[in-house]
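Asks: Give me a model of this one.
(chains A, B and C, ligands or ions: 1)
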Amino acid sequence: MSSGRDAILARVRKSLARGPVDDGTRAELQARLSGHPRGIIPARSNRDHGAQVDLFVEMAEAVAATVDRVASPDGVPDAVGDYLAQHNLGADIRMAPDDWLESIDWTQRPTLAVTKGPSAGKDEVSVTAAFSAVAETGTLLLHSGPSSPTTLNFLPDNHVVVLRSSQVVGAYEDAWDQLRAAGAMPRAVNFITGPSRTGDIEQTIMLGAHGPRRLHIILVDDG
Amino acid sequence: MSTTRPEVALFVTCLVDLFRPVVGFAAVELLEQAGCTVSVPEAQTCCGQPAFNSGDRVDAKTVAAQVIDAFEGFDYIVVPSGSCAGMLSKHYPELFEDDPAMADRARDFARRTYELMAFLVDVRGMTGLDAAYNGNVTYHDSCSGLRELGVKQQPRQLLASVEGLTLIELPGAERCCGFGGTFCVKYPDISNNMVGDKTTDIEKTGADTVLAGDLGCLMNMAGKLTRTGSSIRARHVAEVLAGMTDDPAIGEGQPE
Amino acid sequence: MKTTTRQFKDNARTALADTGLQSALDKMETGFVVNRANAAARLPEFEALRDQGRDIKNHTLEHLDFYLETFEANVQKAGGHVHWAATPEDARQIILDICRSVDAKTVTKGKSMIAEEIGLNEFLEENDIAPIETDLGEYIIQLRNEPPSHIIAPAIHVLKEQVADAFHEAHTDLDPGRSLEEPQALLDEARAILRQKYLDADVGITGANFLIAETGSSVIVTNEGNGDLTQTLPKIHIAVASLEKVVPTLEDASALLRLLARSATGQEFSSYTTFSTGPRRPEDPDGPEQYHVVLLDNGRADLLGTEVREVLRCIRCGACMNHCPVYGAVGGHAYGWVYPGPIGSVLTPTLIGVEEARHLPNASTFCGRCEAVCPMRIPLPKLMRHYREKAHEEKLTPAAERAGLGLWAFAARRPGLYRWAAGLVIRVLGALGRRRGRFASLPFASGWTRYRDLPAPQGQTFQQQWAARNGRRGRGA
Ligand code: SF4
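Replies: You can find the predicted model right below:
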């Protein structure tokens, strides 16, 4: 459809009363893209790291996520097991094939039945890591990749995210900087803020529309 | 309160001129209390909103130019209506944006123009006055005054000094009453729904009087109140502040 | 999509008489309106963010060609495809061709106003492809065979009993005696039914809240997670978006995201905001094999050169309609086309014609509440007025209205005549109405007196009394 393309661009330029952007402007715009300047960052998240972690927890809980803080990675299997028990869930968990998650000794909680890989829609509980978390709104950032199947974030009824406190940043922009530093833009970047919800029936909020009914965050204190 | 004695021209507005002169006299009274010398230029008719809002820019400009002429030379132009004041101070400059001969004059005119409550409090520094009104009143914030001119706290501040008056805040006070100039006759069914919601809210406050700063909205609300058999009275806020409440309220009959 | 915009007045009357609709609409003031106000109050930077949002969009629109080309290049770099569609027909055909390339039988759809604008569902059905709406609200209205009535809450006009009826009728495999009284039961049923559809669909079609030039990403914002399932599970993901959705960088998108949910629902952030960039990578365990973006113009490129170009800043948050007293009275269907409320009153004349949509820009009191809450600071009343001016210039306004206006202008231009005539009329009306203080009917004012009394004038004009009482004095004499 290149004719459509050229015609549309020509109409855009006609409306802007100019031809293609000149070289000087192009250079400026390129510089804006590569410099990706930050705009106003709400002061809310401008605090020391410990307080940012607290803010993250507060904001996440405000949108009906549950948060369990554990002192070390060793505490994670029990935290998962307790969560399953608390909600009367079976012992099967579908885990992301993530190096850090795999470094945890899951046999500490022998009842857990761990399988790894993406979800085909039959799993009740997924356990994933996160790339980072944004204190500003209690938002988790997960992205697709070999160690992080996107289906785990949306198909299971219960999504358990194991987050290290060192991964918490203040604002979205901080997360972008880290992501850029990590390499090319992944296929999917998911900002997740609380469990799935809808207000489509008489403006009454209900949880668990299509995505997870529950979002549980296990926050590992790692300084 | 400011000590110089400014020359103020009252822009009466056509609704006040035609339907409720007492509002004009109340405005004059309040302006004089605020230490102003008040004139009423004779060559005024209407602010031009009927044309402007109907898409008739040509006639709106003609009328606007005439108003600007008629009010030349005064320190201030004061209007007992947020809607007309908004037209004068926000939209006149817009109308003449592309007219080099008039643009500066329109901007200068706009700078000198104030809605009555805003003028008394913000310009003249009035903090209270000597008036009494026995009753529970509620207050409707007319749209243009509120959103174009930021009139909100000024009438409340002045009302707070009126002896015997209790102000009960109106839930949804910032929602339009459905008047909208020609809107109310062009889309009567929709307008009726809006004013019905408004008068229901007014009734729920338990107030005996509803006040506002725009006669258009007041006539709309009063007309709906009397039609539905309500005994709640409607008055322009200036009437109460100036102590001119001997006349029957808007839409109220003469005592036999 | 069929339009009934011309019949706005009749539509409005029907809506006003619909008690179910009225009770649904009444909830907006206590829901959306209060929630937005609270969210804005919680963020001290909110007003400054609105200015910044406006500036970002203005900057983008000023260089729209550059950013669109950059976006395209980056989509391609990530292995995706960009298709340019000048018209709704073009867009529909492009989408159909993609669907046919994999012999698609069913497509799942995330909420997309652009898909509504191009009438995609009807078109796919005509071509034997079943579109399945997955947003709960969209799913409900699809079953009810009606268009959305709100851009972010498409089924806001539907009562839960009506949802239950629609489900009983559509889900015939389920026990007809099951109880669907509770909203939760409705939600669970929809969840179960749609879950299978996601897994079965060949193609997933979503809209896009933003397109990001820097990365070639499309962004969707949802609370339900339906958009993510739609774009993750099928073989092909197609995002349809209009030209003006593009923004330069991730930072720019973040700045606008800070405004979107707060303005729309009063949430700090929606549950899911997803940035999609190209198809699944060789090492990815899931995700679509193909990624397409269909860029729709449909008049927007031309619009950019007109007085209403500011409307292109819109981020479709719905705040203007949530706060609009006219929308609150008649709901979305009365507007008769895709976009209701104040944004619809500006977009509709632009996209389907000034004459067809003549009522919309007129059916406003200019109360200004839409502009006061619009996160992108779009001067909606001013743009509506622009269309009133256009209609006036093109003599599309009714003759009676023009005649009345002419008479008014004639008098308003002649202060002497005006004073004399007004004095006369007012004296008569004053005398007639003095005792009751009002008129229950007046022959020339039936629009007014059908529903309310007309307060009677006090008897003499202010000008007459002022002249009599004070003599003409001062410089105004
Ligand atoms: S016009 Fe403004 S308020 Fe209305 S939907 Fe668009 S961005 Fe939101």
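Asks: Can you give me the first-to-last residue distance of stretch B:10-19?
Replies: 16 Å (C-alpha to C-alpha, to the nearest Å).
Asks: Is that stretch positioned near chain C?
Replies: Yes - Stretch B:10-19 comes into contact with chain C (C-beta under 8 Å from any C-beta of the partner chain), by way of B:12, B:14, B:16, B:17, B:18, B:19. Using the backbone N, CA and C atoms, a C-beta is placed for each residue, glycine as well.
Asks: phi, psi of the spatially most central residue of chain B?
Replies: Centroid-nearest residue in chain B, with C-alpha atoms, centre = their mean: residue B:81, separated by 2.0 Å. Phi and psi for residue B:81, reported as degrees, to the nearest 10, are phi -160, psi 130.
Asks: Verify the stated contact: it with residue B:113.
Replies: No - using C-beta atoms under 8 Å as the test, residue B:81 is too far from residue B:113 to be in contact (11.5 Å).
Asks: What distance do you get for the nearest residue to residue B:236 once chain neighbours are set aside to the ligand?
Replies: Nearest non-adjacent residue to residue B:236, counting by C-beta to C-beta, 6 or more residues apart in numbering or on different chains: residue B:23, 4.4 Å away. Per C-beta to the nearest ligand atom, to the nearest Å, residue B:23 is found 35 Å from the ligand.
Asks: what are the pairing partners of the lengthiest strand in chain B, and which direction each?
Replies: Identified as the longest strand of chain B according to DSSP state E is strand B:132-139. Strand B:132-139 pairs in its sheet with strand B:163-167 (parallel), strand B:209-212 (parallel), by DSSP bridges.
Asks: so residue C:310 sits right up against residue C:374, yeah?
Replies: No - at 9.9 Å, residue C:310 does not count as touching residue C:374 under the criterion of C-beta under 8 Å.
Asks: The helix or strand following the longest strand of chain B vs chain C: in contact?
Replies: Sequence order places helix B:143 as the next helix or strand after strand B:132-139, per DSSP states H and E. Yes - judged by C-beta under 8 Å from any C-beta, helix B:143 and chain C are in contact via residue B:143.
Asks: other SSEs contacting helix B:143?
Replies: Using 3 or more C-beta pairs under 8 Å, 6 or more residues apart in numbering or on different chains; DSSP states H and E as the contact test, no helix or strand touches helix B:143.
Asks: Would you check the distance separating it from the middle of the chain?
Replies: 11 Å (C-alpha atoms, centre = their mean, to the nearest Å).
Asks: moving C-terminal of that helix, what's the next helix or strand?
Replies: helix B:149.
Asks: pLDDT of that following helix, averaged?
Replies: Averaged over helix B:149, pLDDT sits at 97.
Asks: Tell me where the stretch 1-150 of chain B has helices.
Replies: B:14-19, B:21-33, B:49-53, B:57-70, B:82-86, B:92-95, B:100-112, B:116-118, B:143, B:149 (DSSP state H, counting those that start in this stretch).
Asks: can these go into TSV with extra columns for distance to residue A:91?
Replies: Converted to TSV, these look like this (distance: least, C-beta to C-beta, whole Å):
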stretch	distance to residue A:91
helix B:14-19	76
helix B:21-33	78
helix B:49-53	69
helix B:57-70	74
helix B:82-86	67
helix B:92-95	69
helix B:100-112	74
helix B:116-118	69
helix B:143	61
helix B:149	66
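Asks: Generate JSON lines for the ones you listed, with mean neighbour count as supplementary columns.
Replies: Output for those, formatted as JSON lines (neighbours: other C-beta atoms under 10 Å in any protein chain shown):
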{"stretch": "helix B:14-19", "mean neighbour count": "25"}
{"stretch": "helix B:21-33", "mean neighbour count": "24"}
{"stretch": "helix B:49-53", "mean neighbour count": "23"}
{"stretch": "helix B:57-70", "mean neighbour count": "20"}
{"stretch": "helix B:82-86", "mean neighbour count": "29"}
{"stretch": "helix B:92-95", "mean neighbour count": "20"}
{"stretch": "helix B:100-112", "mean neighbour count": "16"}
{"stretch": "helix B:116-118", "mean neighbour count": "28"}
{"stretch": "helix B:143", "mean neighbour count": "27"}
{"stretch": "helix B:149", "mean neighbour count": "24"}
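Asks: Could you say which one of those comes nearest to residue C:31?
Replies: Within the helices of the stretch 1-150 of chain B, the stretch nearest residue C:31 is helix B:143; the backing value is 21.8 Å (C-beta to C-beta).
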